[in-house]
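> quick one: sequence plus predicted model below, questions after.
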Amino acid sequence: MARLEYFALMAGKVNADGVREWLVRRVAPPPDPGLEVFRDAIGTLSLDGEVVGYIASRVSTFWGLGRPTGLQECLWLYFHYLDDPDGNAERSHLWEEDYPPWAIRPELESGSFYDHDRDATYEVRWLEGPARRDALDLIGLGDGVTP
């Protein structure tokens, strides 16, 4: 960040969103076309053909150790399970992040997800149209996917 922008930010003359937008335009890598399916998406998590939860995803940029001279893209994933076997509200919905080198992305691209906490492999099916909107409303993300 240029010195002038830094001082403007510190003086409150430039909001943080404006600086972030500037950084994304200047130093972010070109968008990864393989991440397009994950941009503000929602899908079902199924076991034996029965929907047992939902996964919502968002692509974002961040400054990370994998790319110290600029920004990189990452996935924010929201897992919402319809059941909570232990009565633990924190486990019924969880945010996870994934970034290069990808850990969860390859699984999701293959149409599945293995949850280590639940020791179960779920089938993932991405939703579109009215089904997408209904699922976002059902899990409380009616305004879209935001971590």
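Cool, the structure landed. Numbering: from 1, shown residues only.

> show me what contacts the closest residue to Arg39 other than its chain neighbours?
Computed as CB to CB, 6 or more residues apart in numbering, the closest residue to Arg39 that is not its neighbour in sequence is Val59, at 4.9 Å. Yep, even glycine has a C-beta here, placed from its N, CA and C like the rest. Contacts for Val59 (CB atoms under 8 Å, 6 or more residues apart in numbering) come out as 31, 35, 38-39, 73-76.

> secondary structure element for Leu141?
Here Leu141, judged by DSSP states H and E, is contained in no helix and no strand.

> low pLDDT regions in this protein?
Scanning the chain for pLDDT under 70 picks out the ranges 1-28, 64-70, 84-93, 143-147.

> so how far is Trp76 from Pro29?
17 Å (CB to CB, to the nearest Å).

> looking only at neighbour counts, state which of the two leads.
Trp76 (19 against 12; other CB atoms under 10 Å).

> give the other helices and strands that the helix or strand encompassing the more buried one contacts.
According to DSSP H and E, Trp76 maps onto strand 71-81. The contact analysis (3 or more CB pairs under 8 Å, 6 or more residues apart in numbering; DSSP states H and E) places strand 71-81 against helix 16-27, strand 50-63, helix 89-92, strand 93-98.

> and the helix or strand following the first one, what's buried?
Which is helix 16-27. For helix 16-27, the following helix or strand on the C-terminal side (DSSP H and E) is strand 41-47. Residues of strand 41-47 classed as buried under the neighbour-count rule (16 or more other CB atoms under 10 Å) are 41-45.
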